[in-house]
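Q: Provided below are the primary sequence and the corresponding predicted coordinates.
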Amino acid sequence: MTTAQRSILLILPAADFNEQEYLTVKNLLVKKGFNIFIASDANSLCIGKNGLRVRADVNFFNIHAQNFAAIIFIGGEGVRKYWDNNILHKITVDFNKAQKVIAAICSAPVILARAGILSGRNVTCYPADKKEIEKKETTYKDEPAVVCGNIITAQSPAASPEFTNLIVSHLSK
């Protein structure tokens with residue numbers, strides 16, 4: 001595999017990201033041999049809900065789909081600030097056009113819905129956000145994790161291991 005095929009971009013909110021989701025996803029991917037790059041709109045530290053500090057490697061303006069095999073959006077309360085982020089919407093559309101794996105957990109699938117890439121797809125998300133993704137002509141599935149084409153979505157931190165394993169499986173095809 002090339003470097004790009006082993007490189008995965010994790011999108012972290014600058015504040016209040018879900019630390020369990022982040023740590024589970026990151027650690028499982030590293031264990032499987034993937035290179036992880038953290039992206040945020042903050043060029044410095046991202047701070048989790050319980051104070052975990054993670055340094056961002058990349059700013060949103062420097063993301064190019066051809067450099068990565070996948071993009072993963074980590075959830076948490078802070079991700080809601082990104083729901084209407086036009087830069088993230090463009091990045092998401094670019095990854096989708098390139099048929100890259102796009103994954104989102106918890107409240108983050110709303111970003112994908114608002115970017116316009118979930119129409120007609122089966123998806124899941126944090127149950128309280130169900131109406132937000134249904135507004136964009138999706139079919140909500142009350143399941144821990146759902147794969148629909150190149151898009152993988154999950155409901156909650158408890159689904160993080162299954163979510164990550166689905167990503168690895170998809171990238172191994």
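A: Yep, that arrived.
Q: Which stretches in this structure count as strands?
A: Ranges of strands within the chain are 7-11, 15-17, 35-40, 45-48, 53-55, 58-59, 70-73, 101-105, 122-123, 139-140, 145-148, 151-154, based on DSSP state E.
Q: Tell me the helices and strands packed up against the third one.
A: On a contact count with 3 or more C-beta pairs under 8 Å, 6 or more residues apart in numbering; DSSP states H and E, strand 35-40 meets strand 7-11, helix 19-31, strand 58-59. In short, each C-beta sits where N, CA and C put it, glycine included.
Q: List the buried residues of it.
A: Judged by neighbour count using 16 or more other C-beta atoms under 10 Å, the buried positions of strand 35-40 are 36-40.
Q: Ok, the fourth one next?
A: Residues of strand 45-48 classed as buried: 46-48 (neighbour count, 16+ other C-beta under 10 Å).
Q: what's in contact with that strand?
A: Contact with strand 45-48 is made by 12-19, 22, 38, 40, 53-56, 76, as judged by C-beta atoms under 8 Å, 6 or more residues apart in numbering.
Q: Listing partners with orientation, what would you give for that strand?
A: strand 15-17 (parallel), strand 53-55 (antiparallel) (DSSP bridges).
Q: Just name the closest of the buried residues of strand 45-48 to Ala98, please.
A: Using C-beta to C-beta, Cys46 comes nearest to Ala98 of those, at 25.3 Å.
Q: Tell me the pLDDT of the closest one.
A: Note on Cys46: pLDDT of 94.
Q: Which elements pack onto the helix or strand of the chain with the lowest mean pLDDT?
A: Using mean pLDDT, DSSP states H and E, strand 58-59 stands out as the lowest-scoring helix or strand of the chain, at a mean of 92. When contacts are defined as 3+ C-beta pairs under 8 Å, 6+ apart, strand 58-59 packs onto strand 35-40.
Q: one more time with 10 Å, if that's ok
A: Contacts defined by 3 or more C-beta pairs under 10 Å, 6 or more residues apart in numbering; DSSP states H and E place strand 58-59 against strand 7-11, strand 35-40.
Q: What strands flank the last one, and is each parallel or antiparallel?
A: Think strand 35-40. strand 7-11 (parallel), strand 58-59 (parallel).
Q: Of all the strands paired with strand 45-48, which one is nearest Pro161?
A: strand 15-17 (17.7 Å).
Q: For the residue positioned nearest the centre of the chain, list each beta-bridge partner.
A: By C-alpha atoms, centre = their mean, the chain has its centre lying nearest to Phe73, at 1.9 Å. Phe73 has these beta-bridge partners by DSSP bridges: Ile11, Ala104.
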